[in-house]
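K.L.:
this one's sequence-less:
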């Protein structure tokens with residue numbers, strides 16, 4: 001299947017799983033062991049607000065390619081439901097960045113690796 005044939009919803013769905021896994025892997029590899037600590041740290045990155053901060057950080061650094069920004073817009077625009085405890089802009093941005101992650105997972109693992117390295121290089125400054 002051609003990547004352009006994937007719906008933005010499908011890319012976000014895959015990206016959500018990959019994003020969550022990469023964040024969890026990062027903190028486990030950083031030698032955190034207590035479940036409560038791991039959950040707390042991961043929630044800071046995996047939440048809509050955390051993903052929005054990550055997007056803003058990378059966007060300010062002009063990290064994204066034109067194609068990735070197009071995927072972001074597609075993912076951002078497919079939102080139909082906002083959770084009670086979230087705001088629309090953060091939720092849309094999170095969905096857009098998840099679409100980018102899904103896209104990179106399917107097309108460019110090296111770029112995906114660089115994406116997560118950039119997110120984690122500033123440590124807690126990003127959360």
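P.N.:
Received the coordinates, thanks. Note that the structure is a prediction, hence the values are computed from the model and not measured. Residues are numbered from 1 along each chain as shown.

K.L.:
quick check: residue 4 vs residue 10, distance?
P.N.:
12 Å (CB to CB, to the nearest Å). C-beta here means a position set from N, CA and C on the backbone, and glycine is covered the same way.

K.L.:
what does residue 62 give?
P.N.:
Following CB to CB, the distance that separates residue 62 from residue 10 is 27 Å.

K.L.:
the more surrounded of residue 4 and residue 10?
P.N.:
residue 10 (16 against 7; other CB atoms under 10 Å).

K.L.:
packing partners of the helix or strand of the chain with the lowest mean pLDDT?
P.N.:
Lowest by mean pLDDT, DSSP states H and E among the helices and strands of the chain is helix 35-46, with a mean of 87. If you count contacts as 3 or more CB pairs under 8 Å, 6 or more residues apart in numbering; DSSP states H and E, helix 35-46 packs onto helix 8-29, helix 48-60.

K.L.:
phi, psi for the most far-flung residue of the chain relative to its centre please.
P.N.:
Among the C-alpha atoms of the chain, the one most distant from their mean position (CA atoms, centre = their mean) is that of residue 34, at 23.9 Å. Backbone torsions of residue 34, given as degrees, to the nearest 10, read phi -70, psi 130.

K.L.:
how big is the angle separating the helix or strand that residue 116 is a member of from helix 8-29?
P.N.:
Residue 116 belongs to helix 109-121 when assigned by DSSP states H and E. Relative orientation of helix 109-121 versus helix 8-29 (axes from the mean of the first three to the mean of the last three CA atoms, to 10 degrees): 60 degrees.

K.L.:
what is the distance between helix 109-121 and the centre of its chain?
P.N.:
11 Å (CA atoms, centre = their mean, to the nearest Å).

K.L.:
what's the mean pLDDT across it?
P.N.:
The pLDDT scores in helix 109-121 average 95.

K.L.:
could you do stretch 57-72 as well?
P.N.:
95.

K.L.:
got the contact list for it?
P.N.:
The list of residues contacting stretch 57-72 from outside it, by CB atoms under 8 Å, 6 or more residues apart in numbering, reads 8, 11, 55, 96-97, 99-100, 103-104, 115, 118-119, 122, 126.
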